[in-house]
Structure formats: structure tokens, C-alpha cells
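Engineer: Prediction below, plus the sequence it came from.
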Amino acid sequence: MRFLACMLAALTSFSAFAVTKVNVFDTEAVVIKQKEDARYSGEELARREGMRDVIVRATGDAASLDNAVVKKAITQSSRFLSTITPSEKDGQPTLKMSFNPKQIQALLAQADLPYWPDERARLLVWVVEDNGYDRTISWEQSQRTSIENLRYVAAQKGLPITVPVGDIDDVTSIQPTEVWGNFTKQISDSSRRYDVDAVVVARITRNGSQQNLRWTLYDDKPQFIADASLSPVTGEASGTNKQVTETFVADLGRYYAQKSSAKASGEIASSVVVNFKGVAEAQSFFNIERMLEDLSSVASVELMHVMGSSVDFRVNLITDAADFDRQILRSNKVTKVEATVESAPAEPATEAQAATTLDAPQSGAESTTVDNTESQSSEEVEPANEESVEPKPEVLMYEWQS
């Protein structure tokens, strides 16, 4: 029953990430011949270089190599290898290496560094450049240094990107001034043709060999970035094109690595009570639970209360209630209901209790709850200390369209 419900949940109409799988743990390094009295052999240096590459891709941030725990582990790189094969590239000897994923992840946990899973969001990057007398969009086919550096650094750091190609559809759909001004309606319309998970606008101001790069990340699919409730992420870097590109990509990688780490660890920023009405069947309950757990804003979900066709969940968030509300309303099975009476949180219920309640015949005169009677009695006898009472979470109410 649960397996079938989960399969059906996967088929419900809901916006999902079209993630890209990145090869994080395989790498190849050149073996440089060393002098006979050298402290380390060429093979040892190649193994260390390979492990550095993997650490950077696994965290999205080259600064992770400065971590003391990581530095020490790199000197023992052979302990983290699964396979190693001598090879050749461009006439030079190389080592093809596969590092053990579990050991690398354990190392990052020990070093208190976030791990960025290999399934990653693909970003559409709009680059617009101001050279002092005009502004132009740098297309994929423009062969500009800024685009070449961006693609190289992104591949090195494991950040999946797409740059607009600059064909007739692109050129006629948007103007450089609209990209520079972050006009989200126009950027959204022009970005929808690309199968990506988020949109980034990078604005480069040139001053000789120095540049200032200001970027804005709209962490959502193109069709949703014009939503006023979406809070963009911003950053800035100055220096040569190579320097600003390195910083730009590292900042994006660090953002997504930390976001993935928070999701995986269940780190909670806030909580809400979510009430669904119209939940008449156990299958609907499982569909709702799976949908909530799959939202990128959600850390964890707890069943709280079942009363007839009404179900309450406590939803722990890694973002905020506004972000959660925006995401959940994309489903064509969910409509917003204005809260009139505050829902009283109850003790968490089990899924078996919920399924039994939802499958049972329902009556207008009776309701079934799954509160813990002993807990309620105890609370009546011993009133809670006012100083220890936590603020009640916000209540959000929705109607489920079965």
C-alpha cells in the first residue's frame, strides 16, 4: 500500500528539479617526473593533486583545501583511493583515480565541511558586460574570455551551468539593458526555453584589466523567478576576470553545498503547522506526506493530528514559511485556504493511525483524533511554566484536491 502510494505521489503534478549528475569522485592527474633525490615521487604528487580535485568538487569550494583536517588527509591520499590506473594524456603519463565516496564524505564531516551531493541543480547564467560605452550580453558562441573562464572554472568545481546560446530566439527576446536591470519578467520569459533549475545574472563592469562582478541568483526554475515572494541571493567580486570568476563560482558552489547539507542534516530554521482539508483516503495522506518531504524548503515532516478529512502536519523548514507557501502552491492539487481559527497542535500521530482514520467511514457528528491522552492529562494537572512556553508555530491551511 505504501509503495503504491509513493509511486502515485511521484506522478502528481509538481515542479521537480531536473538535476544534473556530476562525476565527483573520479579524476586524472599528470605524473611529473621528479629528481632521484626528490622528497616525493611523481605518482605521490599526482595522487595528492587528484584528491585535491575531488575535495574541491565535493564541497564546491577551493577554500576547503585550507582546512587542517583536509590538509593532513591529503598527505595520506592513498588511503582514500578505490582504484588507480596508469594512463597517458597528450603524450604525458597520468594516473586515473577513483576515490571512495564514503571515505571522502566521512572526511568532510570530520572537517566540518558541507558535502555537495553529486546530483546538482543546473544554472542558466546570463552574463552582461559594461565596457564604459555600451552593454552587451556574452553568449555561449561569443568566444569571450569571460565565458571561456566561466565554463572552465565551473567544470573544475563541479557546478553545472548553461550559457544562453545567442541564436535568433535569444537575441530578439531580450535586451542587454533588461538583463543588466534584473527585469525578472523579461529574464523569466527568455530563460524558459532552457531546461535548468535556477537562473543567475552576472553583471561585469570593466576598468582596464580590472573588473567588478555583481551577481544575482534566482534559485528557482525560470517560470517562477518573477514571483515577488522569491528572495534572490546576491554577491560581488573584484579583480581580474580569472579572480572574479573563481570567486563567483566558489560562492555559488558554497551556497548549494550548504543548502544540500542543511537538507540532509535536517537543520531547522523555522517550523509551521500545515493543515490539509479534503484528505478522504489514506492514499491522499501518503501523497501529501511525500510531496512535503520532496520540497527543497523542507527539512522534515511530522504527522500531528487527524480529524475526519482534516490532517495537521508539523513541517520543519530550512528556509521560511513564505518560501514553503510559494513552493507548495505550484501543485495543481493544492489550493490556499485562509485561516479563520487557529489549529491547536497535538501530539504526533503514527502513519498507521492516520491510515486507519482516513480509511474509516466518516461522520459529521464524530471526529477521530490521535492525541496522547496521558500527555493531555499530565498537562492539565501541571500547567507549563510561562517562561518555558515556546511560541506557537504559524498555521498554514490548504485544500487537497483528490
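Structural biologist: Perfect, I can see it now.
Engineer: quick check: longest helix of the protein.
Structural biologist: helix 241-265 (DSSP state H).
Engineer: so what strands line up beside the helix or strand following it?
Structural biologist: Once helix 241-265 ends, the next helix or strand along the chain (criterion: DSSP states H and E) is strand 270-277. Its sheet considered, strand 270-277 pairs with strand 310-317 (antiparallel), strand 394-400 (parallel) by DSSP bridges.
Engineer: Pick the most buried one from those.
Structural biologist: Compared across these, strand 310-317 shows the largest average neighbour count, a mean of 21 (mean count of other Cβ atoms under 10 Å). Backbone N, C-alpha and C define where each C-beta goes, glycine included.
Engineer: After that strand, which helix or strand is next? Please name it.
Structural biologist: helix 321-328.
Engineer: Touching that following helix from outside, list them.
Structural biologist: 15, 224, 227, 229-231, 270, 272, 291-292, 295-298, 315, 317, 334, 336, 394, 396, 398 (Cβ atoms under 8 Å, 6 or more residues apart in numbering).
Engineer: Return the angle between stretch directions for it and strand 270-277.
Structural biologist: 40 degrees (axes from the mean of the first three to the mean of the last three Cα atoms, to 10 degrees).
Engineer: Could you shift the numbering so residue one becomes 232, and keep it that way?
Structural biologist: That works, and once the first residue is 232, the last one we named lands at helix 552-559.
Engineer: Now do the buried residues in helix 552-559.
Structural biologist: 552, 554-559 (16 or more other Cβ atoms under 10 Å).
Engineer: Then stretch 318-326?
Structural biologist: 325-326.
Engineer: tell me which strands and helices the longest helix of the chain is in contact with?
Structural biologist: Contacts defined by 3 or more Cβ pairs under 8 Å, 6 or more residues apart in numbering; DSSP states H and E place helix 472-496 against helix 273-290, helix 376-388, strand 429-438, strand 441-449, strand 464-470.
Engineer: Run through the neighbouring helices and strands of the helix or strand that the second one is followed by.
Structural biologist: In the C-terminal direction, the helix or strand that comes right after helix 376-388 (DSSP H and E) is strand 392-393. When contacts are defined as 3+ Cβ pairs under 8 Å, 6+ apart, strand 392-393 packs onto strand 354-361, helix 376-388.
Engineer: how much does the shortest one deviate in direction from helix 472-496?
Structural biologist: Strand 354-361 and helix 472-496 are oriented at 150 degrees to each other (the same axes, to 10 degrees).
Engineer: In its sheet, which strands sit next to strand 354-361, and in what direction?
Structural biologist: Partners of strand 354-361 in its sheet, by DSSP bridges: strand 366-369 (antiparallel), strand 392-393 (parallel), strand 429-438 (parallel).
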